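1. Predicted structure and sequence below. I'll ask about it afterward.
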Amino acid sequence: MMRPTVLVSVPRIYERTYARLQQQLAERGALARALVRWTQELGWRHFQARHHRGTAPGRWAGLLRPVLQYLVADKFLAHFGGRLRLAVSGGAPLSVTLSRCLVGLGLPLLQGYGLTEAAPVVSVNRLDDNVPESAGTPLPGIEVRLGEQNELLVRGPNVMMGYWNRPEDTAQVIDAEGWLHTGDQGRIEHGHVFIVGRLKEIIVLSTGEKITPDNVEMALIEDPLIDQAMVVGEGKPYLVALLVLNTKAWGALAKRWSLPAEDSAALADERLQQHIENLCRRSLARFPKYAQVRRCWVTLEPWTIANGLLTPTLKLKRPAIEHRFAEHILKLYVGHLSPV
C-alpha cells in the first residue's frame, strides 16, 4: 500500500474519494451518516476558528472532537495512507461543498492555480493561510490583476517568453506590458485568487443570460450517482446536461427497481428519468432559474483520455464531447419551447 506524505493531484481524484464516501454513507444507517456529518461540521468550525474566520467550538464540542476523530476522521484519512502532511489540488476548481467536506474531515487540502505558460504555478494556499474555496495567494515575485471581463492577468519571471516560432499567438496572450492573459475569469479578495470560469467556456443562452458551466457541473457531480457531467446550451433557450452515471450507485438503484443494470436500455426507464430530474433540482437549488438543467441524457460509458473526451489533466474536452453526442443533444431540445 502506498502511504504518501505529499499528494499533488487534479480535482478528479478528490471528487472520486468524495463520491465514494457519499455512496458508502447511502448504504449505511442513519447513525453512520450523522457521525460523519458531525465530524465534518465540527472539523470545519475548528478549521475556521484556527484561521481566525469563525467562532471557536464550545467546551462540549472540544471534548467530542477527539472521539469523532478516532471513530470517523482517522478512518477516512486512512484511505490516503494515513501519513499525509499536504494534499494539493490544481488543474481545475474544486467545488466549495467538496472542499469543506474534505477539510472538515481533516485532510490538509490546499487548492492552487497555474497554467503551462506560467511555469506552471501562479498561486496556492498555505497551511497557515488557507481559504479552501480560493486558489490561494500568488507565489513570491508574481503579480496578478483583473483585466476586461474580469480576466485574470499574470506577470512575473515565471511567465514564458513566448510560443516557439509563433509570434502572432504570443502577441495574443502576452501584452506590451508583459501581462499574460490567462483566459480564466476570476476575482481577487484579500490577496486570494478565486477562479470563477473560462472566458471561452461561458454559455450564452438565447435569452442573453450567461452561465459558467463549471459551477453547474461541479454541483451535479456532488451527488454519488453522477460521475461526470457536462452542460450544454449555447444559443439555446435553456440548459441540458450529458451525465455519466456511477456504475455502483446505478447498480444499487437498478436493483431496487428490479432493472438489469448492465442493459443500457434500462437507462430510459421513466423512474430513472424522474430521479435524475429531482437530483438536478436538488443539486442546483441555489442557482438562478436560467441556470437550471431542463433535460438530461445519461450513459454508463465514462469519458476518458483514451476515448479522446478528457485532456491529460482530466478536464472535459467540450467540443469533442459535444460533437460525439450531438444527436443526443439535439433530441433533448426537440419539442421543447423556451420557458416563459
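-> Yep, it's here. Just so we're clear, the structure is a prediction, and the values are computed from it rather than from any experiment.

2. Could you report the neighbour count for residue 193?
-> Other residues within reach of residue 193 by the criterion other C-beta atoms under 10 Å amount to 26. Quick note: C-beta positions are derived from backbone N, CA and C, even for glycine.

3. which residues does it contact?
-> Counting by C-beta atoms under 8 Å, 6 or more residues apart in numbering, residue 193 makes contact with 113, 122-123, 134-138, 144, 152, 186.

4. cool, residue 195 as well?
-> Each residue near residue 195 by C-beta under 8 Å, 6+ apart is listed here: 93, 113, 135, 152, 184-186.

5. how near is it to residue 186?
-> Using C-beta to C-beta, to the nearest Å, residue 195 is found at 5 Å from residue 186.

6. Identify the contacts common to those two.
-> 135, 152.

7. Show me the strands in the stretch 51-200 of the chain, by range?
-> Using DSSP state E, counting those that start in this stretch, the strands of the stretch 51-200 of the chain run over 86-89, 109-114, 121-124, 137-138, 143-146, 151-155, 180-189, 192-198.

8. returning to that earlier point: please identify which of the contacts of residue 195 is nearest to residue 223.
-> residue 93 (17.9 Å; C-beta to C-beta).

9. ok, and the closest non-adjacent residue to the closest one?
-> residue 195 (5.4 Å; C-beta to C-beta, 6 or more residues apart in numbering).

10. sorry, back to before: so which of the strands of the stretch 51-200 of the chain is nearest residue 41?
-> Comparison of these against residue 41 by C-beta to C-beta identifies strand 109-114 as nearest, at 16.7 Å.

11. Distance from that closest one to the middle of the chain?
-> Between the centre of strand 109-114 and the centre of its chain there are 13 Å (C-alpha atoms, centre = their mean, to the nearest Å).

12. Which strands or helices does that strand pack on?
-> Contacts defined by 3 or more C-beta pairs under 8 Å, 6 or more residues apart in numbering; DSSP states H and E place strand 109-114 against strand 86-89, helix 96-104, strand 121-124.

13. Does anything pack onto the longest one? Which helices or strands?
-> Counting contacts by 3+ C-beta pairs under 8 Å, 6+ apart, helix 96-104 packs against helix 11-27, helix 30-50, strand 109-114.

14. the inter-axis angle of it versus helix 30-50?
-> Orientation check (axes from the mean of the first three to the mean of the last three C-alpha atoms, to 10 degrees): helix 96-104 against helix 30-50 gives 80 degrees.

15. Buried ones in helix 96-104, by neighbour count?
-> Buried residues in helix 96-104, counted by 16 or more other C-beta atoms under 10 Å: 98-104.

16. from the chain's centre, how far out does it sit?
-> Centroid separation for helix 96-104 versus its chain: 11 Å, with C-alpha atoms, centre = their mean.

17. go on, stretch 7-17?
-> Relative to its chain's centre, stretch 7-17 lies at 10 Å (C-alpha atoms, centre = their mean).

18. For stretch 66-82, buried residues please.
-> Neighbour counts over stretch 66-82 (16+ other C-beta under 10 Å) mark 68-69, 72-73, 76-77, 80 as buried.

19. How about stretch 184-198?
-> Neighbour-count burial for stretch 184-198 [16+ other C-beta under 10 Å]: 184-186, 188, 192-195, 197-198.

20. Can I get those residues in CSV including pLDDT and distance to residue 312?
-> Formatted as CSV, the buried residues of stretch 184-198 follow (pLDDT from 0 to 100; distance: C-beta to C-beta, whole Å):
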residue, pLDDT, distance to residue 312
184, 94, 18
185, 94, 23
186, 95, 23
188, 98, 29
192, 97, 28
193, 98, 23
194, 96, 25
195, 93, 19
197, 88, 21
198, 89, 17
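
21. Tell me the spatial nearest neighbour of residue 201, not counting adjacent residues.
-> With C-beta to C-beta, 6+ apart, the residue lying closest to residue 201 is residue 213, at 5.9 Å.

22. Show me the strands in the stretch 201-340 of the chain, by range?
-> Under the criterion DSSP E, counting those that start in this stretch, the stretch 201-340 of the chain contains strands at 203-204, 210-211, 226-232, 239-245, 293-299.

23. Widest-spaced pair of the buried residues of stretch 184-198?
-> Across the buried residues of stretch 184-198, no pair lies farther apart than 192 and 198, at 19.4 Å, counting by C-beta to C-beta.

24. Can you give the distance of stretch 313-320 from its chain's centre?
-> Distance of stretch 313-320 from the chain centroid (C-alpha atoms, centre = their mean) equals 14 Å.

25. ditto for stretch 323-337
-> Remark: stretch 323-337 is offset 25 Å from the chain centroid, using C-alpha atoms, centre = their mean.

26. Quick check: buried residues in that stretch?
-> For stretch 323-337, the neighbour count (16+ other C-beta under 10 Å) marks 324-325, 329, 332-333 as buried.

27. So which of those are in helices?
-> Among these, the ones falling in helices (DSSP state H) are 324, 329, 332-333.

28. With distance to residue 158 added, can I get the contacts of residue 195 in CSV?
-> Formatted as CSV, these follow (distance: C-beta to C-beta, whole Å):
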residue, distance to residue 158
93, 21
113, 12
135, 15
152, 14
184, 16
185, 21
186, 17
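
29. Among those, which one sits closest to residue 254?
-> Within those, the smallest distance to residue 254 is 32.0 Å, found for residue 93 (C-beta to C-beta).

30. Residue 25: neighbouring residues, count only.
-> Neighbours around residue 25, by other C-beta under 10 Å: 17.
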